[in-house]
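Novice: Coordinates for the following, if possible.
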Amino acid sequence: MSLVDWGRLVMKKTGMGRWFSLLMTSVIAIGSMPAVPAASANSTALNIAKVQLEPSEINAERTVTVDVQIEGNEEGFLAAEFGIVYDSRLTLDSVVQGTALANLFAYADNPDSDYIWFSGAAGSKSASATKGRQPMMSLVFTLPEDYAAGDSYYIGYTWDGLDGKQAYWYSDKRVNDIDSVSGHSITGSISIPDPDAPQISASSLRMNQGETAQLELTNFTGTPLWYSDRGSIADVDNEGCVSAYSPGTATVYCIAGTVMLTCDVTVTKEYYYSVIGDSSIMLTDPENEVYLEYPSPQGTVVWMSTQSGIVKVVNGKLTGIKNGVAQIVATCNNVTYVRQVIVNFPDPEPTEDETLPFTTEPIAETVVPPVTDHVEPTVASVTDKTEYSSGDLNGDNKVGILDVIILNQNLMIGSPLDEGAKDAADVLEDGVINEADSLTILKYVVELIPSLPVKPSA
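Specialist: Presented below is the predicted three-dimensional model:
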């Protein structure tokens, strides 16, 4: 059967006319790719979530959403076909497309088997490359009417499709990497824990290299057996303490009597931190990739570093330049957070060509004052000055992030400004002080615009 004939059969059996055009575009694009041998392992992976639900959390419709993510190190896909097989007791209701770049997949829910076959194609490497974790899609299932505590429903990948069809993953490196994707991917499940059965505290862990995490076993009084299937990546001791050694994926098993419990462990050198926090973030290894995450942004996040010669930030990714201290500032919809970052890279090993010893800036002697997201400008801080320039709300003769924070607090909670500060805040010179002025000052601080004030257009 040809690809087009298969597509027509799917449309006829499943009533999927609305997907047919996209499906054919994706499948034909994949079919036109050159045949190449499988590549060696890379860092691309597909992860299906493990969902645990207490009976009280199941809604009246018995629907459960299972997320599917793609993980990549600037390797996404130009074309892909793969299947997801699921427990025959489940009913697939819908597939909700995710937000990963260029990942709109056509799909067919095969009426004769309990699997879904996905086909997708992207237009270019730049459109499909991924970095870190990206939502690919969500699968919405209905539980059987007779579900009960202790049930578990398997959801995993299948690389064999309709009429002998084989999975295909044409990566940004322009090779068929399906073996690698399969080896890195994590299968999922839906489970309804029995409150009286042994349980562990997490079914999955994402850990940074060198970290440890404690798994707790409950509802069991005997001596459990703990072990890892890939101890060189993540190992576990007899007390359930997991140690992350090298990037990759491993499964930790806990045998408690007749019950076997599992926890999928992903170890990465990509470190993720929230931009909200009082403690300093330490950059100690230039090989590590460190990211700051803004809490649930509703719009574009503007990032800046107060000392770009020490730490640079681009879309939340931190790059240490030299040892020292800087503040990372993130603003979205006039809500600003600030977190301190300390760079403390080890001294490089001397080479024969070096004639002078390498020196670093002593961290303890930094003159950068610590700034946190709890800055509370007082009335005096914005009223004691008599001369202000445009954008300089606190009258310190420079325009900086504190001026943005002062204006945002005035707009959000009514912190007072004197007349001079109000004049300085109106950087658009339209007689109104609002969020547009705050954003304009921020753009000036991060050097997106050359000067203040911004004259209104005629």
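
Novice: If you tally nearby residues, what's the number for the closest residue to L215 other than its chain neighbours?
Specialist: Nearest residue to L215 in three dimensions, chain neighbours excluded: G240, at 4.0 Å (CB to CB, 6 or more residues apart in numbering). From N, CA and C alone the C-beta is placed, and that goes for glycine too. By other CB atoms under 10 Å, the residues close to G240 number 18.

Novice: my read: G240 touches I200, true?
Specialist: Yes. Between G240 and I200 there is a contact under CB atoms under 8 Å: 7.4 Å.

Novice: and for the two, which residues touch both?
Specialist: L215, E216, L217, C254 (CB atoms under 8 Å, 6 or more residues apart in numbering).

Novice: Could you pull out the helices in the stretch 101-250 of the chain for me?
Specialist: 125-128, 178-184 (DSSP state H, counting those that start in this stretch).

Novice: Worst mean pLDDT among the ones you listed?
Specialist: Sorting the helices of the stretch 101-250 of the chain by mean pLDDT places helix 125-128 lowest, at a mean of 60.

Novice: one step back: can you go through the shared contacts of G240 and I200 and name the buried ones?
Specialist: Among the shared contacts of G240 and I200, those buried by neighbour count (16 or more other CB atoms under 10 Å) are L215, L217, C254.

Novice: ok, of these, which one's closest to D403?
Specialist: Nearest to D403 out of the buried ones among the shared contacts of G240 and I200 is L215 (CB to CB; 47.6 Å).

Novice: Which pLDDT value goes with the closest one?
Specialist: So L215 comes in at 96 (pLDDT).

Novice: my read: it touches V252, true?
Specialist: Yes. In this structure L215 lies within contact range of V252 using CB under 8 Å: 6.9 Å.

Novice: Now do the shared contacts for these two.
Specialist: Common neighbours of L215 and V252 (CB under 8 Å, 6+ apart) are W226, V236, V242, C263.

Novice: buried subset of these?
Specialist: Of those, these count as buried by 16+ other CB under 10 Å: W226, V236, V242, C263.

Novice: list the contacts for Y253?
Specialist: With CB under 8 Å, 6+ apart, Y253 has these contacts: L225, W226, Y227, S228, D229, M260, L261, T262.

Novice: ok but it is inside a strand, no?
Specialist: Yes. Assessed by DSSP: H, G, I helix; E, B strand; the rest coil, Y253 belongs to a strand.

Novice: Could you tell me how far it is located from S232?
Specialist: Look at Y253 and S232: by CB to CB, to the nearest Å, they are 16 Å apart.

Novice: mind checking the SS state of the closest residue in space to P144 that isn't next to it in sequence?
Specialist: Excluding its sequence neighbours, the residue lying closest to P144 (CB to CB, 6+ apart) is R89, at 4.8 Å. Classification of R89 by three-state DSSP places it in coil.

Novice: okay, now R89: neighbour count?
Specialist: 16.

Novice: Can you give me the pLDDT of it?
Specialist: pLDDT, R89: 92.

Novice: now do V367
Specialist: 46.

Novice: Also the one 10 residues further on?
Specialist: What the model reports as pLDDT for P377 is 42.

Novice: what do you get for E75?
Specialist: 67.

Novice: For L46, which three-state class applies?
Specialist: Relying on three-state DSSP, one would call L46 strand.

Novice: So it is in contact with M136, correct?
Specialist: Yes. Look at L46 against M136 with CB under 8 Å: they come within range, at 7.3 Å.

Novice: Strands along the stretch 51-200 of the chain, start to end?
Specialist: For the stretch 51-200 of the chain, the strands defined by DSSP state E, counting those that start in this stretch occupy 63-73, 79-86, 91-97, 106-109, 115-121, 131-142, 152-158, 168-170, 188-191, 199-200.
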